[in-house]
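K.L.:
how does the following fold in three dimensions:
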Amino acid sequence: MKWIYFVPLLIGILGILQGALLKNVALEIGVAHAILIALSIYFFLGIVLFILVSNNPQILPDFYAVKYPLTYYKWWYLVPGLLGFFIVLFFPQAMNQLGAVKVTILIIAGQIITSTFWDFFIEHLSFTPFKFLGIIFAILSLIFTVL
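P.N.:
Here you go, the predicted structure:
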């Protein structure tokens, strides 16, 4: 099995830990303060990564390479950052009010449904019976967990 299959698993683990810890920080110092700290770290690490990859492109796979100068820009490059901000903004409240299991199931259900439509309409991948079953199981999991 390729190591890349472990990356989404790790992202899932880190995502829940990040959300749960951010919730605890937010309860202590407030959401705005907690988000400022978290996003400052993201910003700092983004700068470090950019400098590292710019000066040593061989250190990571070509996927991470800097392909254009910083002045190259399209308006929609802002969208992932905005989406990430709202994830970080609302995650602690959801974790606080629903708990980790319900939040995780709701996230997974949303991801399965959205990714199925993305694959079909954007990536032009076929909609298979197994994908349909995945959506059904996500909805059933959602119903059994949230009720």
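K.L.:
okay, CA-based contacts and neighbour counts for the rest of this
P.N.:
Will do.
K.L.:
buried residues, the host helix or strand of residue 54. List them.
P.N.:
Secondary structure from DSSP states H and E places residue 54 in helix 31-55. Of the residues in helix 31-55, 31, 34-35, 50, 53-54 count as buried by neighbour count, 16 or more other CA atoms under 10 Å.
K.L.:
tell me the pLDDT of the residue of the chain most remote from its centre.
P.N.:
Relative to the centre of the chain, the most outlying C-alpha is that of residue 55, 27.2 Å out, by CA atoms, centre = their mean. Residue 55 is assigned a pLDDT of 96 by the prediction.
K.L.:
need the contact list for residue 119.
P.N.:
125-126 (CA atoms under 8 Å, 6 or more residues apart in numbering).
K.L.:
related to what we said a few turns ago, TSV for the buried residues of helix 31-55, including distance to residue 10?
P.N.:
Listed next are the buried residues of helix 31-55 as TSV, based on distance: CA to CA, whole Å:
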residue	distance to residue 10
31	25
34	23
35	22
50	22
53	22
54	26
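K.L.:
what's the closest of the residues you listed to residue 103?
P.N.:
The nearest member of those to residue 103, counting by CA to CA, is residue 31 at 17.7 Å.
K.L.:
so the closest one touches residue 89, yeah?
P.N.:
Yes: using CA atoms under 8 Å, residue 31 is in contact with residue 89, at 7.3 Å.
K.L.:
so who does residue 66 touch?
P.N.:
So residue 66 contacts 50, 53-54, 57 (CA under 8 Å, 6+ apart).
K.L.:
list just the nearest of the residues you listed to residue 16.
P.N.:
residue 50 (26.0 Å).
K.L.:
so how far is residue 7 from residue 83?
P.N.:
Per CA to CA, to the nearest Å, residue 83 is found 21 Å from residue 7.
K.L.:
sorry, wrong one. I was asking about residue 82.
P.N.:
The spacing between residue 82 and residue 7, counted by CA to CA, is 23 Å.
K.L.:
try residue 19
P.N.:
Computed with CA to CA, the distance linking residue 19 and residue 7 is 18 Å.
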